[in-house]
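Chemist: from the sequence below, what's the structure:
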Amino acid sequence: MKVKEIGNLTADPTYGENNSKKYCNFTIAINNPFNKDDVEYVRVSAFGKTAESCRDYLQKGSQIQVEGRVKINSYPNKETGEMKYNLGVNAKEVMFLNKIKQRDDSQNNDEKSKIDQALKNSNQNQSSDQQKSTQGMAI
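Modeler: As a prediction, this is how the structure comes out:
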């Protein structure tokens, strides 16, 4: 079943690799628009490049929209042995809804510099293309 939810991270995401597969786990709090006291907590798992982006850009309090597949997790209660169940989402897409604050480490700063340079080059190319397209126009 496909789901799309908007919520805020309850804690910083956890990132890891298992058999060279990258993953990032976090929980979002989803507010009920009709009842301010009603909050649902959903566990989200992202994989691959999406996991890397979540690791680099998300932090506690970040507002996101997640789209993905519902999964049911089960585990035995340590005290009673009774099976417990909870719902989660395997994220296909994560959209960052507030201003992105990149985590501060040297690898991320190198990536940010590359992104900034690519944006600068893109903007220069666009303004150059706009100039070329207006040169033949009569005003």
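Chemist: can you list the domains in the chain?
Modeler: 2-101, 102-133 (automatic domain parsing).
Chemist: mean neighbour count, these: which tops it?
Modeler: domain 2-101 (a mean of 14; mean count of other C-beta atoms under 10 Å). Heads up, the C-betas are built off the backbone N, CA and C, glycines and all.
Chemist: so where's the protein shaky on pLDDT?
Modeler: For the chain, the stretches flagged by pLDDT under 70 are 100-139.
Chemist: could you redo the last one with a cut-off of 50?
Modeler: Within the chain, the segments meeting pLDDT under 50 span 106-107, 125-139.
Chemist: for it, what spans make up the helices?
Modeler: Ranges of helices within the chain are 48-57, 106-135, based on DSSP state H.
Chemist: tell me the contacts of the closest residue in space to residue 65 that isn't next to it in sequence?
Modeler: Leaving aside its chain neighbours, residue 65 sits nearest to residue 95 (4.3 Å; criterion: C-beta to C-beta, 6 or more residues apart in numbering). Shown here is residue 95, whose contacts under the criterion C-beta atoms under 8 Å, 6 or more residues apart in numbering are 64, 65, 66, 67.
Chemist: against residue 23, how distant is residue 95?
Modeler: Distance, residue 95 to residue 23, by C-beta to C-beta, to the nearest Å: 19 Å.
Chemist: all strands for the chain, in order.
Modeler: Taking DSSP state E as the test, the strands found in the chain are 2-9, 14-18, 21-32, 35-47, 63-76, 83-96.
Chemist: indicate which one of these is closest to residue 55.
Modeler: Nearest of these to residue 55, taken as C-beta to C-beta: strand 14-18 at 4.0 Å.
Chemist: show me what that closest one is packed up against.
Modeler: Applying 3 or more C-beta pairs under 8 Å, 6 or more residues apart in numbering; DSSP states H and E, we find strand 14-18 packed against strand 21-32, helix 48-57.
Chemist: can you redo those as a markdown table with distance to residue 73?
Modeler: Formatted as a markdown table, those follow (distance: least, C-beta to C-beta, whole Å):
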| stretch | distance to residue 73 |
| --- | --- |
| strand 21-32 | 11 |
| helix 48-57 | 18 |
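Chemist: of all the ones you listed, which lies closest to residue 89?
Modeler: strand 21-32 (8.7 Å).
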